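In: The following block contains a protein sequence and its predicted model.
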Amino acid sequence: MVSSSQILNKQSDYEDEEKISLREKKGKKLWRKVRYQLTEYHSLPAYLRDNEYILGHYRCEWPLKQLLLSIFTIHNETLNVWTHLIGFFLFLTLTIYTATKVPDVGDYYPLQHFAEMLKKAGLHDVHSKLVKCVPSLSSIPNFSTLKGELRASLPYINALSSVSGWHIIENLAKCLPESFSHLNQTRDYLLWSMKDSLLNTIAPMSFHPITRWPFYAFLGGAMFCLLASSACHLLCCHSERLSYIMLRLDYAGIAALIATSFYPPVYYSFMCNPFFCYLYLSFITILGIATIVFSLFPVFQKPEYRSIRASLFFGMGFSGAAPILHKLILYWHQPEALQTTGYEILMGSLYGLGAFIYAKRIPERWRPGKFDIAGHSHQLFHILVVAGAYTHYHTGLVYLNWRDLHGC
């Protein structure tokens, strides 16, 4: 038989085990709580020490699950993550908008330009003469709609969306010499003049927008840069190995953004000069690849090379001055060339200011510890990068409009 003392001893042992188990569970919870608390700069391992003016609120070697969840908590990388993550979704939206809306950006302009050109030429009765020409154009598909629009007013844009500009020229050529025979100009000269005007306005359009791939290349480069940067700031404190990988990805994103930013201005400025177009595109592509390769070396990440990193990317962007000046020389009389140059100067200024603030660590260098959560240099750099890229998006719209309307 089991004695009462033995039963009491077993109960006591069971209670002791329960207490030990509870203490262990509490200890593990406490350890997790302490382990996932934010730490200070002096407690960081060497690979995480990048900015000595940001003194606290660091995450250090957290597991991936905790790092992913930390996107919704407050630490010194929160705004670094969100400034570029929001920028990524902004450019994703702009890409969708561009794909669905921007091909029609010039629809309501070319024939307005044509009407203004005809007025300047002194042909005040062009409208009535063109209306009289309508019967001779009846062979053009869908021209019944065009006839109604033409009788109402110029420009007859909506009807032209399904009509070839070349058919219009061909049929107007048969009609215009007779309709304008009363003018004191030779029949051949008038025919040549009108056909030339139409060729320069309607025919180049043919309502087929110019190729968009350089513009989409820029949008893709911007999204890659912004998403890579957000991921880097969220995950790089997991381990030294992952930090090395994410930082390389971040530098590659910056180089991709700078390189693809050249594609729209170079392609659309020199699409009629293939030699210079391919020369500039090849140069910036090779420079971007070289920058990415150089950034793979571990020495590139050391804090003392911060200014060299910023200077390298700044120099890569500054090399765009050559095609911009060349464009101005070729198209100084075109308002679009001046407008795009203004946008490009603004974009370069925003990028340059961001690089300067990043390299000099302004403003945290003046008040260490005061800008740990919000307002430090890297966050300002991110905001200026998004602003510069958004400015360049509008530059691309001007280029598309320009080339859609005028071709070469």
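Out: Thanks, I have the structure now. None of the values given here were measured: they were computed from a predicted structure.
In: domains for this protein, by residue range?
Out: Listed by automatic domain parsing, the domain ranges of the chain are 68-104+210-406, 110-201.
In: which residues touch the one helix or strand Thr95 maps to?
Out: Assigned by DSSP states H and E, Thr95 belongs to helix 78-100. The contact list for helix 78-100, computed with Cβ atoms under 8 Å, 6 or more residues apart in numbering, reads 70-71, 212, 215-216, 219-220, 222-223, 225-227, 229-230, 233-234, 373-374, 378-379, 382-383, 385-386, 389-390, 393. (Glycine included, C-beta is placed from N, CA and C.)
In: the helices in the stretch 301-408 of the chain, which residues?
Out: With DSSP state H, counting those that start in this stretch applied, the stretch 301-408 of the chain shows helices at 306-318, 321-330, 335-360, 377-406, listed in chain order.
In: Give me the helices and strands touching the third one, please.
Out: Meaning helix 335-360. helix 240-269, helix 306-318, helix 321-330, helix 377-406 (3 or more Cβ pairs under 8 Å, 6 or more residues apart in numbering; DSSP states H and E).
In: change it to 6 Å
Out: Packing contacts for helix 335-360, counted by 3 or more Cβ pairs under 6 Å, 6 or more residues apart in numbering; DSSP states H and E, involve helix 306-318, helix 321-330, helix 377-406.
In: for the longest one, packing partners?
Out: Right, helix 377-406. When contacts are defined as 3+ Cβ pairs under 6 Å, 6+ apart, helix 377-406 packs onto helix 78-100, helix 240-269, helix 335-360.
In: Return the angle between stretch directions for the following helix or strand past the second one and helix 240-269.
Out: Proceeding C-terminally, helix 240-269 gives way to helix 274-295 as the next helix or strand, assigned by DSSP H and E. Interaxial angle, helix 274-295 versus helix 240-269 (axes from the mean of the first three to the mean of the last three Cα atoms, to 10 degrees): 170 degrees.
In: in helix 274-295, what's buried?
Out: Phe276, Cys277, Tyr280, Leu281, Ile284, Leu287, Gly288, Thr291, Ile292, Ser295 (16 or more other Cβ atoms under 10 Å).
In: Now render these as CSV, adding distance to Lys302 and pLDDT.
Out: Putting the buried residues of helix 274-295 into CSV (distance: Cβ to Cβ, whole Å; pLDDT from 0 to 100) gives the following:
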residue, distance to Lys302, pLDDT
Phe276, 39, 94
Cys277, 39, 93
Tyr280, 33, 94
Leu281, 33, 93
Ile284, 27, 90
Leu287, 23, 86
Gly288, 22, 85
Thr291, 17, 82
Ile292, 18, 82
Ser295, 12, 76
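In: Can you report how many residues neighbour Leu69?
Out: Residues near Leu69, counting by other Cβ atoms under 10 Å, number 12.
In: Quickly find the element holding it.
Out: Assigned by DSSP H and E, Leu69 falls in helix 64-69.
In: Is Asn76 in contact with His57, as I believe?
Out: Yes. Using Cβ atoms under 6 Å, Asn76 is in contact with His57, at 4.2 Å.
In: what about the two, which has more around it?
Out: Ranked by neighbour count (other Cβ under 10 Å), Asn76 and His57 place Asn76 first, with 23 against 17.
In: show me the contacts for the more buried one.
Out: By Cβ atoms under 6 Å, 6 or more residues apart in numbering, the contact set of Asn76 is Ile54, His57, Asp372.
In: what do you get if the cut-off is 7 Å, keeping everything else the same?
Out: Ile54, His57, Tyr58, Asp372, Ile373 (Cβ atoms under 7 Å, 6 or more residues apart in numbering).
In: Check Trp402 too.
Out: Trp402 neighbours (Cβ under 7 Å, 6+ apart): Tyr268, Glu336.
In: any idea how far it lies from Leu287?
Out: Trp402 is 26 Å from Leu287, where distance means Cβ to Cβ, to the nearest Å.
In: and if you look at Gln339?
Out: 27 Å.
In: Same question for Met246.
Out: Distance from Met246 to Leu287, by Cβ to Cβ: 23 Å.
In: try Trp82
Out: Taking Cβ to Cβ, one finds Trp82 at 31 Å from Leu287.
In: got it, and Phe276?
Out: Distance from Phe276 to Leu287, by Cβ to Cβ: 16 Å.
In: phi, psi of Thr39?
Out: The phi and psi values for Thr39, taken as degrees, to the nearest 10, are phi -120, psi 180.
In: Now the phi/psi pair for Tyr331, please.
Out: phi -130, psi 40.
In: which residues touch the closest residue to it other than its chain neighbours?
Out: Nearest non-adjacent residue to Tyr331, counting by Cβ to Cβ, 6 or more residues apart in numbering: Ala337, 3.8 Å away. By Cβ under 7 Å, 6+ apart, Ala337 lies in contact with Lys327, Leu328, Tyr331.
In: again, 10 Å this time
Out: Ser269, Ile324, Lys327, Leu328, Ile329, Leu330, Tyr331, Val398, Tyr399, Trp402 (Cβ atoms under 10 Å, 6 or more residues apart in numbering).
In: again, but for Cys408
Out: Taking Cβ under 10 Å, 6+ apart as the test, what Cys408 contacts is Pro204, Ile210, Met271, Cys272, Asn273.
In: How many residues are close by Gln339?
Out: 16.
In: my bad, Glu61
Out: The burial count for Glu61: 16, using other Cβ under 10 Å.
In: ok, His233 touching Leu249?
Out: No. His233 is beyond contact range of Leu249, at 11.3 Å (criterion: Cβ atoms under 10 Å).
In: avg pLDDT for stretch 339-348?
Out: Model confidence over stretch 339-348, given as mean pLDDT, is 93.
In: what's in contact with it?
Out: Taking Cβ under 10 Å, 6+ apart as the rule, stretch 339-348 contacts 261, 264-265, 268-269, 314, 317-318, 320-321, 323-325, 327-328, 331-332, 334, 387-399, 401-402.
In: Just give the number of residues close to the closest residue to Ile284 other than its chain neighbours.
Out: Nearest residue to Ile284 in three dimensions, chain neighbours excluded: Phe262, at 4.3 Å (Cβ to Cβ, 6+ apart). By other Cβ under 10 Å, 26 other residues sit near Phe262.
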